[in-house]
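Visitor: next comes the sequence, and after it the predicted model I'd like to discuss.
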Amino acid sequence: MITGLITAVMGVTLLAGTASARPTAPAQSDSDDSGDPGVVQVVKVSGLLDPIVVSFIADEIEAADEAGLVALVLQINSEGAAVGDEAIDELVAAITDADITIGAWVGPSGSKAEDEATRLVAAADVSALTPGSRIEVTSELVDANDVDLGEKASVGENVGFETAAALGLVDSTAPILGDFVIALPGFETETTDDGLQPLTQVRFGQLGLVDQLFHTVASPAVAYLLLIIGGCLLVFELFTAGVGVAGMVGVGSLVLAAYGLAVLPTNTWALVALCACFPAFAVDVQTGVPRFWTGVGSLGLVVGSLFVFADGPPSWITLIAGIVGTLLSMLGGMPAMVRTRFSTPTIGRDWMIGESGVAVADVSPDGIVTVRDAPWRAHTNRATPIAAGDTVTVTAIDGLVLEVEPVEGAAKDYRERH
C-alpha cells in the first residue's frame with residue numbers, strides 16, 4: 001500500500017515531466033476557476049476477491065457516490081475471486097449503476113487481472129493497463145468492448161498492455177497511476193510557471209488492520225502454511241509439560257487457517273487427509289522412532305497438500321516449505337526430542353517415587369507441580385487436594401503424569417523413605 005501511495009503521489013506531482021507518456025490529454029481548468037475541483041478516491045484491490053474485499057469495494061463505491069466525488073478508481077492486482085458468482089454480480093451492478101465515474105487501473109507494473117477480476121475492468125467506465133502487467137482475455141471483456149479477437153488472442157489467454165490496447169480490451173495504457181487519474185473526466189488541473197498542476201484531490205482508501213489480517217489469511221499459500229504450522233505446534237505441545245507458547249500459537253494459527261479455508265474453495269476429502277496426518281505423526285513421535293503411522297502421515301500430508309484447494313495446489317515454493325518442513329520436524333526433530341526426554345533418569349525411574357516437589361497451581365485433582373525445577377503434569381486423590389505452593393511427594397508415575405500427595409495428611413508417609 002505504501003509503495004502504491006508513493007507511486008501515485010510521484011505521478012501526480014511530476015505530471016509535467018511525464019505528460020508525453022500519457023495516452024490521452026487531461027481536462028484542464030483556468031486558475032481563476034472558483035468551483036470545487038472535487039476528489040478522486042483510489043481503492044486498492046489486491047489478491048483474491050474474498051467477502052471482505054468485495055464488501056469493502058461496494059461500501060467505497062456507495063460512499064463515493066453519495067459524496068458526489070469526481071471518480072473512484074480501482075487499482076487492480078487480482079487473480080480471481082473466492083466468492084460466488086452472485087456476489088460478483090452484485091459488485092458489478094454497483095459499478096455500472098454508480099452515478100460517478102468508475103475507473104479500473106491494472107497496475108503497477110507486474111500486476112495482473114484474471115478470472116472474475118476482469119469483470120471489474122469490463123464494468124468500469126474507464127480502464128487502463130500498465131506496461132509489464134497482463135490481463136486475461138475473458139468473454140466479459142470481449143462482449144463489453146465489442147472486440148473482434150481475430151488471430152491476435154483467444155479467450156483464456158493472458159495478454160500484455162500492447163495487445164490489450166490494440167484489441168480494445170482496455171481504453172488506454174497508463175505507466176503510473178497519476179497518468180490514469182489525471183486523464184479521468186472531470187479531473188481539473190491548472191497551468192503554472194512550474195508546469196501542469198492538479199487541482200482535484202486524490203485520496204486513498206484501504207482496509208482496516210483486522211480486515212487486512214483476515215484478507216491476508218484468505219489466500220491459499222497463507223491458509224495452507226498456517227494449517228501446517230498449527231498442526232506441528234500442537235503435536236509438539238502434546239509432548240511438553242503444561243500449556244506453553246507453542247500451544248497458544250498453534251491454536252491461533254489453526255483459527256486463522258480455518259477462516260481462510262472456509263472462504264477458499266477446498267476439497268473436503270483432501271482437507272480431512274491433511275488434518276488427519278498430524279495425529280498419525282503423533283503416534284510414532286511418542287515412540288521416538290518413525291514406523292507405520294509415520295508413513296500414513298506422510299502420505300496424507302503429500303496428498304492433502306496437493307489437492308486441498310479445488311482450484312489447484314499452492315505454489316511449489318509453498319508446497320516445499322510445508323511438506324519438507326513438516327517431514328523434517330516429524331521424522332527428525334520431535335522424535336529426537338522425545339527419545340532424549342525418555343532416556344533421562346528423571347522419567348520412568350523408580351527412584352523418583354518419594355521425591356519432593358512444589359505445586360505450581362492447585363492440584364484438585366489435576367494440576368502442575370515442579371520436581372527439581374522441572375514442570376510436570378500431576379494428579380492427586382480427590383480426598384487430598386493440594387493448594388498452590390504446597391509441598392508434595394511423588395507416589396507413582398503414570399506415563400508423563402506424576403501421582404502426588406501432600407506431605408501432610410497423605411494416605412502414606414513417604415518422608416521416612418525419602
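Guide: Everything's here; your move. Since this is a predicted model, take the numbers as computed values, not measurements.

Visitor: so what sits opposite residue 371 in the bridge?
Guide: Residue 371 forms beta bridges with residue 374, as assigned by DSSP bridges.

Visitor: tell me the pLDDT at it?
Guide: Looking at residue 371, its pLDDT is 85.

Visitor: what's the offset of stretch 358-371 from the middle of its chain?
Guide: Centroid displacement of stretch 358-371 relative to its chain, using CA atoms, centre = their mean, to the nearest Å, is 39 Å.

Visitor: run through who's touching it.
Guide: 241-242, 346, 352, 355-357, 375-382, 385-392, 394, 402, 404 (CB atoms under 8 Å, 6 or more residues apart in numbering). C-beta here means a position set from N, CA and C on the backbone, and glycine is covered the same way.

Visitor: how does it look with 6 Å?
Guide: By CB atoms under 6 Å, 6 or more residues apart in numbering, the surrounding residues in contact with stretch 358-371 are 242, 355, 357, 375-376, 378-380, 382, 385-388, 390, 392, 404.

Visitor: could you do stretch 278-294 as well?
Guide: Applying CB under 6 Å, 6+ apart, the contact partners of stretch 278-294 are 231, 235, 238, 296-297, 330-331, 334-335, 338-339.

Visitor: show me which of these are buried.
Guide: 231, 235, 238, 296-297, 330-331, 334-335, 338 (16 or more other CB atoms under 10 Å).

Visitor: could you tell me how many residues sit around residue 294?
Guide: Neighbourhood size, residue 294 [other CB atoms under 10 Å]: 21.

Visitor: for it, report the pLDDT, please.
Guide: For residue 294, the predicted pLDDT is 86.

Visitor: next, the buried residues of whichever helix or strand it is part of.
Guide: Here residue 294 sits within helix 292-307, counting by DSSP states H and E. For helix 292-307, burial by neighbour count (16+ other CB under 10 Å) applies to 293-294, 296-298, 300-302, 304-307.

Visitor: and which of the residues you listed is nearest to residue 98?
Guide: Residue 98 lies nearest to residue 307 out of those, by CB to CB, at 40.5 Å.

Visitor: from the buried ones among the contacts of stretch 278-294, pick the one nearest residue 204.
Guide: Residue 204 lies nearest to residue 231 out of the buried ones among the contacts of stretch 278-294, by CB to CB, at 38.3 Å.

Visitor: quick check: the closest one vs residue 322, distance?
Guide: 10 Å (CB to CB, to the nearest Å).

Visitor: repeat for residue 123
Guide: 37 Å.

Visitor: where does the prediction get shaky in the stretch 251-400 of the chain?
Guide: Across the stretch 251-400 of the chain, residues meeting the criterion (pLDDT under 70) sit at 287-289, 336-352.

Visitor: mind running it again at 90?
Guide: Low-confidence segments of the stretch 251-400 of the chain (pLDDT under 90): 263, 265, 281-295, 310-315, 328-357, 360-400.

Visitor: would you map the helices across it?
Guide: Listed in chain order, the helices of the stretch 251-400 of the chain (DSSP state H, counting those that start in this stretch) span 268-287, 292-307, 316-328, 334-343.

Visitor: now those in TSV, with distance to residue 170?
Guide: Output for the helices of the stretch 251-400 of the chain, formatted as TSV (distance: least, CB to CB, whole Å):
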stretch	distance to residue 170
helix 268-287	38
helix 292-307	36
helix 316-328	31
helix 334-343	53
